[in-house]
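Trainee: Need a 3D model of the following:
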Amino acid sequence: MERHFCIPFARILFAAATCAAALQANSVNEAPVLSLDGARTVVATAIKQARTLKTTGAIAVVDTGGNVLALERVDGTFPASAGIAIGKARTAALFQKPTRVFEDAVNKGRTSMVALSGGAMEGFTPLAGGVPIVASGKVVGAVGVSGAASAAQDEELALGAAKALDMASAPVSYFESAQVSNAFANGAVLFDRGERYMIHASRREKPGMAEIHDDDADIVHVLDGSATIVTGGQAANVKTIADGESRGDSISGGEERKLAKGDVIVIPKGVPHWFKQVDAPFLYYVVKVR
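Mentor: As a prediction, this is how the structure comes out:
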């Protein structure tokens with residue numbers, strides 16, 4: 001009897017262990033983790049950008065729990081900036097949102113939000129300059145910057161630094177000729193993964209509206225056809241169609257250029273531009289750099 005009992009009992013133990021392992025595997029999600037090297041990469045990116053802009057700043061990087069992984073202060077930055085940078089980074093990490101959101105809310109009258117500081121939210125800092133760090137589509141921490149020349153520059157440094165890991169780990173993108181041809185057939189976005197640049201396979205059959213991009217510079221490379229483009233000057237009847245995007249009927253007082261196959265033109269952000277005349281089909285790559 002004892003022999004008959006032991007065999008099924010062993011099987012039960014094995015089945016239970018197997019089920020427990022399966023349950024444990026299904027109960028735990030694998031997620032990317034911000035390493036110390038990654039945090040140092042983010043800080044180094046911000047410092048390099050600060051030196052390029054000839055400005056100061058303290059840069060703090062935290063993990064998803066708001067724990068400090070790296071902190072550096074550019075020479076000449078006021079001492080209190082380090083604590084403020086940590087507060088911005090921690091706020092961005094715990095809420096998984098840029099701290100600009102909270103500053104805007106307070107400025108619009110939601111002053112009760114400052115009461116969040118205390119307890120688990122000790123150091124809540126609703127000031128622009130804190131940005132979540134994303135890797136493989138997941139928030140892995142945040143970076144906070146304080147002590148640059150202005151609040152806008154704090155945020156600029158943080159945004160640039162937060163992209164450091166995405167740019168370093170981005171996969172190679174390949175588009176075969178048929179895919180590219182199909183994109184040019186109607187004009188389409190060829191590459192856009194939320195990074196600091198996009199690639200458009202653009203096609204024009206006729207003149208367009210005057211365009212103003214507040215955040216994007218356009219690098220245009222003409223593949224076929226020709227067009228007359230007007231840059232600078234004053235756009236007429238301008239209307240905002242989206243955040244940072246405006247359109248107008250035409251441009252007066254700008255500079256005209258004739259674009260032909262092989263030409264390249266770089267249009268900085270904020271500069272009005274208008275394809276005044278087009279010899280169809282006009283095909284051109286546009287790399288939009290944010």
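
Trainee: Low-confidence ranges, the stretch 51-200 of the chain, go.
Mentor: Residues of the stretch 51-200 of the chain that meet the criterion pLDDT under 70 lie in 115, 117-121, 166-170, 193-195.

Trainee: Now do the strands in it.
Mentor: Counting by DSSP state E, counting those that start in this stretch, the stretch 51-200 of the chain has these strands, from start to end: 58-63, 68-73, 130-135, 138-146, 188-191, 197-204.

Trainee: Can you give the domain ranges for the chain?
Mentor: Structural domains assigned to the chain are 36-169, 177-289, following automatic domain parsing.

Trainee: Highest average neighbour count across those domains: which stretch is it?
Mentor: Highest mean neighbour count of these: domain 36-169, a mean of 20 (counted as mean count of other Cβ atoms under 10 Å). C-betas here are computed from N, CA, C, even on glycine.

Trainee: How far off centre is that domain?
Mentor: The gap between the average C-alpha position of domain 36-169 and the chain average comes to 14 Å, counting by Cα atoms, centre = their mean, to the nearest Å.

Trainee: Please tell me the pLDDT value assigned to the nearest residue to Ile241 once chain neighbours are set aside.
Mentor: If you skip the residues right next to it in sequence, Ile241 has Arg247 as its closest partner in space, 5.5 Å away by Cβ to Cβ, 6 or more residues apart in numbering. Confidence per residue is given as pLDDT, and for Arg247 that number is 96.

Trainee: Strand partners (parallel or antiparallel) of the helix or strand Arg247 falls within?
Mentor: Element membership of Arg247, judged by DSSP states H and E, is strand 245-248. Within its sheet, strand 245-248 is paired with strand 210-213 (antiparallel), strand 239-242 (antiparallel), according to DSSP bridges.

Trainee: any idea which helix or strand comes after it?
Mentor: Per DSSP H and E, strand 245-248 leads on to strand 251-252 as the next helix or strand towards the C-terminus.

Trainee: Contacts for that next one, please.
Mentor: Ala210, Val230, Thr231, Gly232, Gly233, Gln234, Ala235, Ala236, Pro272, His273, Trp274, Lys276 (Cβ atoms under 8 Å, 6 or more residues apart in numbering).

Trainee: which helices and strands sit right next to the helix or strand that it is followed by?
Mentor: Per DSSP H and E, strand 251-252 leads on to strand 255-259 as the next helix or strand towards the C-terminus. In terms of contact count using 3 or more Cβ pairs under 8 Å, 6 or more residues apart in numbering; DSSP states H and E, strand 255-259 is assigned the packing partners strand 217-231.

Trainee: by how many degrees do the strand it packs on and strand 255-259 diverge?
Mentor: Here strand 217-231 runs at an angle of 110 degrees relative to strand 255-259 (axes from the mean of the first three to the mean of the last three Cα atoms, to 10 degrees).

Trainee: show me what contacts Val266?
Mentor: Ala217, Asp218, Ile219, Val220.

Trainee: again, but for Val62
Mentor: Taking Cβ under 8 Å, 6+ apart, we find Val62 in contact with Val68, Leu69, Ile86, Ala89, Arg90, Ala93, Gly141, Ala142, Gly144.

Trainee: any idea how far it lies from Ala148?
Mentor: Plainly put, Val62 is 19 Å away from Ala148 if you go by Cβ to Cβ, to the nearest Å.
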